[in-house]
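1. need coordinates for the following:
(one chain, ligands or ions: 1)
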Amino acid sequence: MRRRERSEMVKMTLLMMVVMMSSMLMTMVDSSRTVQRARDDSEILRRHLLANGLGVTPPMGWNSWNHFNCNINEKVIKETADALVTTGLSKLGYNYVNIDDCWAELARDKKGKLVPKKSTFPSGIKALADYVHSKGLKLGIYSDAGYLTCSKTMPGSLGYEEKDAKTFAEWGIDYLKYDNCNHDGSRPTVRYPVMTRALMKSGRPIFHSLCEWGDMHPALWGAPIGNSWRTTNDISDNWSSMISIADMNEIYAEHARPGGWNDPDMLEVGNGGMTKDEYIVHFSIWAISKAPLLLGCDIRNMNKETMEIVANKEVIAINQDPHGVQAKKARMEGDIQVWAGPLSGYRVALLLLNRGPKRSDIAAFWDDIEIPANSIVEARDLWEHKTLKQKFVGKLTATVDSHACKLYILKPVA
Ligand code: GAL
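-> Reported below is the predicted structural model:
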């Protein structure tokens with residue numbers, strides 16, 4: 001080979017190498033772009049997984065479990081819907097009528113569809129939804145991210161998520177409480193998003209309430225998947241259960257926000273296990289914690305005392321405040337606690353809580369509750385229904401009975 005030819009060949013080889021290398025480089029850039037795109041997609045999916053627009057303020061309504069357990073039927077549900085309207089509670093915002101566990105037959109039908117229990121829901125859930133909707137209310141239902149629900153009397157939705165979400169949407173369901181019993185051992189972070197996607201695919205906006213009991217800290221991962229997430233185990237109708245649940249839920253305060261709320265379980269007010277003052281504490285803490293306000297008593301037979309508590313418009317307004325910030329403990333001294341949280345309009349919700357056995361004075365200092373030091377503050381007592389004549393500077397002190405609280409809205413006036 002002549003020298004010229006040889007040098008031509010070297011040139012060609014070099015050129016081919018450059019072309020190959022640049023194409024390899026392009027492929028690498030491309031694949032890193034693909035990875036980036038996939039990352040972006042999953043980020044979009046993650047953020048919009050639950051783009052149902054629901055839960056802008058905490059949900060309000062009723063749930064069958066705390067009072068009725070498995071003893072439910074369509075008559076109870078319809079009468080409860082009627083009572084929510086006749087008592088005026090629906091006008092105050094209590095508009096979800098939520099059926100809990102035990103509403104379905106143990107066996108699905110031949111097509112794998114859930115079947116409403118014939119002995120208790122003979123007219124079917126669609127008819128019930130139509131009835132509830134005709135009253136201007138919404139219907140909620142219950143299922144489980146496992147093979148059976150917790151009562152083991154009906155199937156869960158694991159493996160049937162799309163079918164069940166479609167069924168719920170067809171029936172006109174507005175809210176799904178999704179429990180965590182009898183599953184395959186996989187993580188809730190794997191099982192719950194499957195239902196979220198199925199609900200989104202169903203095309204009907206359905207509030208998604210994750211009932212994972214706080215086991216794997218759903219406050220840390222619930223927002224893209226659910227509109228609310230239980231932060232604790234089940235409530236019981238007594239002081240120590242209620243107050244310990246309030247404590248557990250408070251830890252996650254920073255994670256609550258419009259569209260996704262910490263859920264310390266349904267209300268027990270009116271079920272008879274606590275004193276009036278204790279129920280006022282229960283309702284006050286749930287309200288300032290931006291918890292779902294789901295009544296758990298028999299709405300058809302509420303006494304005056306229960307009604308006075310759950311129908312307190314000003315306390316409800318704290319819960320539904322557009323700011324959507326969960327109150328936190330601002331100071332604790334033994335059994336004496338100060339809880340506070342910001343409200344819209346530069347106002348502050350303030351709870352003075354006495355968990356001890358004796359009546360005590362409790363002071364809230366501006367410094368602890370994020371009110372500027374020299375502010376002069378007007379205080380509205382939400383359980384006395386009066387604006388106090390005195391204006392407060394630097395602190396507010398009140399005497400609080402044992403197992404009782406004071407709840408104020410503070411408004412700086414100068
Ligand atoms: C529990 C749940 C309760 C209730 C019950 C029904 O897991 O926390 O709120 O739904 O199941 O069996």
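2. just name the shakiest helix or strand of the chain by mean pLDDT.
-> helix 3-48 (a mean of 55; mean pLDDT, DSSP states H and E).
3. quote the end-to-end distance of stretch 81-90.
-> In stretch 81-90, first residue to last residue: 9 Å (CA to CA, to the nearest Å).
4. which residues touch that stretch?
-> Outside stretch 81-90, the residues that touch it by CB atoms under 8 Å, 6 or more residues apart in numbering are 61-62, 94-95, 97, 131-132, 135-137, 295, 299-300, 302, 307, 310-311. (Glycine included, C-beta is placed from N, CA and C.)
5. looking at the residues you listed, which are in helices?
-> In this view, those that belong to helices under DSSP state H are 131-132, 307, 310.
6. relative to Asp263, how far out is the residue of the stretch 201-350 of the chain found nearest the ligand?
-> Taking CB to the nearest ligand atom, the ligand has its nearest neighbour within the stretch 201-350 of the chain at Asp234, 4.7 Å off. Asp234 sits 12 Å away from Asp263, taking CB to CB, to the nearest Å as the criterion.
7. okay, the two: which has more neighbours?
-> Asp263 (32 against 14; other CB atoms under 10 Å).
8. which residues touch the more buried one?
-> For Asp263, the contacting residues are 209-211, 228-231, 249, 291-292, by CB under 8 Å, 6+ apart.
9. next one: Leu139
-> 96-99, 125, 128-129, 132-133, 171-175.
10. need the buried ones from those residues selected in PyMOL.
-> In PyMOL, this line selects whichever of the contacts of Leu139 come out buried by 16 or more other CB atoms under 10 Å:
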select buried, resi 96+97+98+99+125+128+129+132+171+172+173+174+175
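11. as CSV, the contacts of Leu139 with pLDDT would be great.
-> Shown next, in CSV, are the contacts of Leu139 (pLDDT from 0 to 100):
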residue, pLDDT
Tyr96, 98
Val97, 99
Asn98, 99
Ile99, 99
Ile125, 98
Leu128, 98
Ala129, 98
Val132, 98
His133, 98
Trp171, 98
Gly172, 98
Ile173, 98
Asp174, 98
Tyr175, 98
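12. among the contacts of Leu139, name the ones in strands.
-> 96-98, 175 (DSSP state E).
13. quickly check these for the two that are furthest apart.
-> By the measure CB to CB, Val97 and Tyr175 form the most distant pair in these, at 8.9 Å.
14. shared neighbours, the two?
-> 61, 138-140.
15. just put those residues in JSON lines and tack on pLDDT and distance to Pro116.
-> JSON lines is the format used below for the shared contacts of Val97 and Tyr175 (pLDDT from 0 to 100; distance: CB to CB, whole Å):
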{"residue": "Gly61", "pLDDT": "99", "distance to Pro116": "20"}
{"residue": "Lys138", "pLDDT": "98", "distance to Pro116": "18"}
{"residue": "Leu139", "pLDDT": "99", "distance to Pro116": "12"}
{"residue": "Gly140", "pLDDT": "99", "distance to Pro116": "15"}
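16. of the residues you listed, closest to Asp321?
-> Using CB to CB, the shared contacts of Val97 and Tyr175 come closest to Asp321 at Gly61, 18.2 Å.
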